[in-house]
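Novice: With the input below, show me the fold.
(one chain, ligands or ions: 1)
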Amino acid sequence: MYHAMTSLGFASESPYQGPIKLEGDPKGASVLVLGAGLAGMTAALELRNAGYKVQILEFNNRPGGRNWTLRGGDSFTELGGFTQTCDFESGLYINPGPWRIPYHHRALLDYCRRLGVSLEPFIQLNYNALIHASRAFGGAPQRIRAIRADFQGQVSELLAKVTQQGRLDEAVTREDQEILLQALRSWGALDRDYRYKANLISAQFRGYARAPGGGLDALPLPGEPLALSDILKSRVWRYLLNFANYNFQTTMFQPVGGMDMIGKAFAREVGDLIRYNCKVTRIQQNDRGVTVSYVDTASPAAVRQAQADWCICTIPLSILSQLPVDVSAAVKSAIDAVPYAGSVKIGLQFKRRFWEEDEAIYGGISYTDLPIRQIAYPNTGFNRSGRGVLLGAYIFDGANAYEFTAMTPAERVARAIEFGAMIHPQYAAEYENGIAVAWHRVPFALGCSGDWSEEARITHYRNLCQIDGRIALAGEHASALPAWQEGAILSSLDAITRLHDRVMRT
Ligand SMILES: Cc1cc2nc3c(=O)[nH]c(=O)nc-3n(C[C@H](O)[C@H](O)[C@H](O)COP(=O)(O)OP(=O)(O)OC[C@H]3O[C@@H](n4cnc5c(N)ncnc54)[C@H](O)[C@@H]3O)c2cc1C
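Specialist: Below you'll find the model as predicted:
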């Protein structure tokens, strides 16, 4: 059925084949899971269901790991000692880590369904959000709709021109050229003469200078397209990739109430297995089992130990590479081979939802070439009066991420307001408070996600994923979907399937 649907185009391939089945009796075998992120809790849930004795050691005092939401009253301390307390009004939140789920992340969506996590749309593309280039269009932000229509329209006009000049005669048959011209006219909003101009045809794509109304002044007026040369030189076309890329195609989702609803839902199933505030400091193994040393984060002087027959370790490699771990040289080299990308997210609370009231931007993301890169609008609570929280910066990789990570949290917030005000001047009057998470300084992750190079993948990936004696590694770093929760879950399902297989055979 599935294959028939796929060949008809109704289903797409996903490595997730539905709920895992670990058949056979593990006869009381025990597993120590390190880390209560999504990889760790997936392993714990499925292994317990299969009959294993499971225990989880977790550094934080909450489940979820990078699956994390900050609300009013939450506080956290980053490396370097800065403690921030979130002052958002009750009901408002920011997801400093994961914030969106693609429709093809079938494993994550399946767990959300099974664990009762309600989803709502995450608006990846809002045509009325903005694209801003600081040195183009007089610094004025443009609507995504206008950039997209004007770029598409003028490229269509050029292609129509060369087609009519016979320059495509070798590549395209005469008959197809006729069809191509028809397609370009409708796809590019061209007029009868294959021109993209200020008229009511292009206005249907790019919007109006005066929108259609009622009564005496009802008739619409078109706006003037942006010049192709300005669009090309400003490089704003590169932002259009954010909607074309497979990972960002609609439909995308977010959990109702915050991303951590997923971590909390897992914890409703396996919370009784988690020992919080436990910082793993050493992992040893021999023929008979695994011994993990850890300290209580509140009183780190006393080292404690936990033992089990097997271990699933989901501690990020950025941290694991700094711990003594009894694994083969090949696995140790793999653990050491993956640097972690930097990322900074900044949440800002404003007195009112001015982006909706003044600019009709309901959800979605605006893009800029300023260091803050993105401003994202809440995808819930539309058209409500009162306060709102924006994602005031989403900086990933590169010099800007390092620069913002090096600042104090207060400086990061101040810079986000300064840059954001160039796009939304309302910032100055409406800003109330903010919080900034720089992932290289987050003690439980030390980075955003594993940043695999092609060479490192070739040399180390298979070694990293191998079961080494009694220890198997899992997590987003052990997947081909780094920086996605789906990668964490798929890697975990793969590791426990192979571990169970080994237990059944020994
Ligand atoms: C800025 C950002 C944006 C992202 N955006 C998205 C997105 O939009 N969609 C998406 O699906 N994914 C996104 N991701 C990726 C996603 O968050 C991760 O892929 C996923 O959450 C990783 O899960 P994990 O279980 O592998 O690791 P983690 O969640 O990191 O779990 C590891 C656990 O180990 C614990 N731990 C660490 N050290 C120790 C220790 N010494 N002892 C004991 N426990 C320890 C940690 O506290 C943590 O709970 C984003 C991540 C970031 C940072």
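Novice: what helix or strand is the residue most central in space within the chain on?
Specialist: Residue closest to the average C-alpha location in the chain (CA atoms, centre = their mean): residue 98, at 4.7 Å. Here residue 98 is covered by no helix or strand, with elements defined by DSSP states H and E.
Novice: Do I have it right that it meets residue 66?
Specialist: Yes - using CB atoms under 8 Å, residue 98 is in contact with residue 66, at 6.5 Å. All C-beta atoms are positioned from the backbone trio N, CA, C, and that covers glycine.
Novice: thinking again about what came up before, for the residue nearest to the centre of the chain, what are phi and psi?
Specialist: phi -60, psi 140 (degrees, to the nearest 10).
Novice: near the ligand, anything from stretch 22-36?
Specialist: Yes - using CB under 6 Å from any ligand atom, stretch 22-36 reaches the ligand at 34, 35, 36.
Novice: what about the nearest residue to the second one once chain neighbours are set aside, how many residues close to it?
Specialist: By that I understand residue 35. In space, and not counting its chain neighbours, residue 35 is closest to residue 314: 3.8 Å by CB to CB, 6 or more residues apart in numbering. Using other CB atoms under 10 Å, residue 314 is surrounded by 31 other residues.
Novice: Could I get the contacting residues of residue 314?
Specialist: Residue 314 makes contact with 33-35, 37, 39-40, 43, 65, 473-475, 488, 492, according to CB atoms under 8 Å, 6 or more residues apart in numbering.
Novice: What is the nearest of these to residue 190?
Specialist: Using CB to CB, residue 488 is the member of the contacts of residue 314 that sits closest to residue 190, with 46.7 Å.
Novice: Next up, the contacts around the closest one.
Specialist: Residues near residue 488 by CB under 8 Å, 6+ apart: 37, 38, 39, 42, 314, 474, 475, 476, 479.
Novice: what helix or strand is it on?
Specialist: Going by DSSP H and E, residue 488 is part of helix 485-505.
Novice: Give me the buried stretch members for that helix, please.
Specialist: Neighbour counts over helix 485-505 (16 or more other CB atoms under 10 Å) mark 485-496, 499-500, 503 as buried.
Novice: re the thing from before, can you add secondary structure and pLDDT and give the contacts of residue 314 back as JSON lines?
Specialist: Formatted as JSON lines, the contacts of residue 314 follow (DSSP: H, G, I helix; E, B strand; the rest coil; pLDDT from 0 to 100):
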{"residue": "33", "secondary structure": "strand", "pLDDT": "99"}
{"residue": "34", "secondary structure": "strand", "pLDDT": "99"}
{"residue": "35", "secondary structure": "coil", "pLDDT": "99"}
{"residue": "37", "secondary structure": "strand", "pLDDT": "99"}
{"residue": "39", "secondary structure": "helix", "pLDDT": "98"}
{"residue": "40", "secondary structure": "helix", "pLDDT": "99"}
{"residue": "43", "secondary structure": "helix", "pLDDT": "98"}
{"residue": "65", "secondary structure": "coil", "pLDDT": "98"}
{"residue": "473", "secondary structure": "strand", "pLDDT": "98"}
{"residue": "474", "secondary structure": "coil", "pLDDT": "98"}
{"residue": "475", "secondary structure": "coil", "pLDDT": "98"}
{"residue": "488", "secondary structure": "helix", "pLDDT": "98"}
{"residue": "492", "secondary structure": "helix", "pLDDT": "98"}
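Novice: among the residues you listed, which two are most distant?
Specialist: Maximum distance among the contacts of residue 314 (CB to CB): 14.7 Å, for 65 and 473.
Novice: Output the below-cut-off pLDDT ranges for the stretch 201-350 of the chain.
Specialist: For the stretch 201-350 of the chain, no stretch has pLDDT under 70.
Novice: Please enumerate the helices of it.
Specialist: 228-234, 241-244, 260-270, 317-320, 329-336 (DSSP state H, counting those that start in this stretch).
Novice: what about the ones you listed, which gets the closest to residue 105?
Specialist: helix 260-270 (11.4 Å).
Novice: does any part of the closest one sit near the ligand?
Specialist: No - judged by CB under 6 Å from any ligand atom, helix 260-270 and the ligand are separated, with a smallest distance of 8.2 Å.
Novice: what does that helix rub up against?
Specialist: 36-38, 41-42, 44-45, 48, 54, 56, 62-65, 67-69, 95, 108, 111-112, 115-118, 255, 274, 485.
Novice: if you set the cut-off to 7 Å instead, what comes out?
Specialist: Under the contact criterion CB atoms under 7 Å, 6 or more residues apart in numbering, helix 260-270 has outside partners 38, 41, 44-45, 48, 56, 63-64, 67-69, 112, 115-117, 255, 274.
Novice: hang on, the earlier thing: for the buried residues of helix 485-505, which one is nearest residue 435?
Specialist: Distance to residue 435, by CB to CB, is smallest for residue 485 among the buried residues of helix 485-505, at 21.8 Å.
Novice: where's the closest one relative to the ligand, distance?
Specialist: Going from residue 485 to the ligand by CB to the nearest ligand atom, to the nearest Å gives 3 Å.
Novice: quick one: contacts for that residue?
Specialist: So residue 485 contacts 38, 67, 98, 108 (CB under 7 Å, 6+ apart).
Novice: confidence score at it?
Specialist: Turning to residue 485, the model gives it a pLDDT of 98.
Novice: What of residue 11?
Specialist: On the pLDDT scale, residue 11 is placed at 45.
Novice: Might you enumerate the residues of the stretch 51-200 of the chain proximal to the ligand?
Specialist: 57, 58, 59, 60, 65, 66, 67, 97, 98, 99, 100, 101.
Novice: Which among those residues count as buried?
Specialist: 57, 58, 59, 60, 65, 66, 67, 97, 98, 99, 100, 101.
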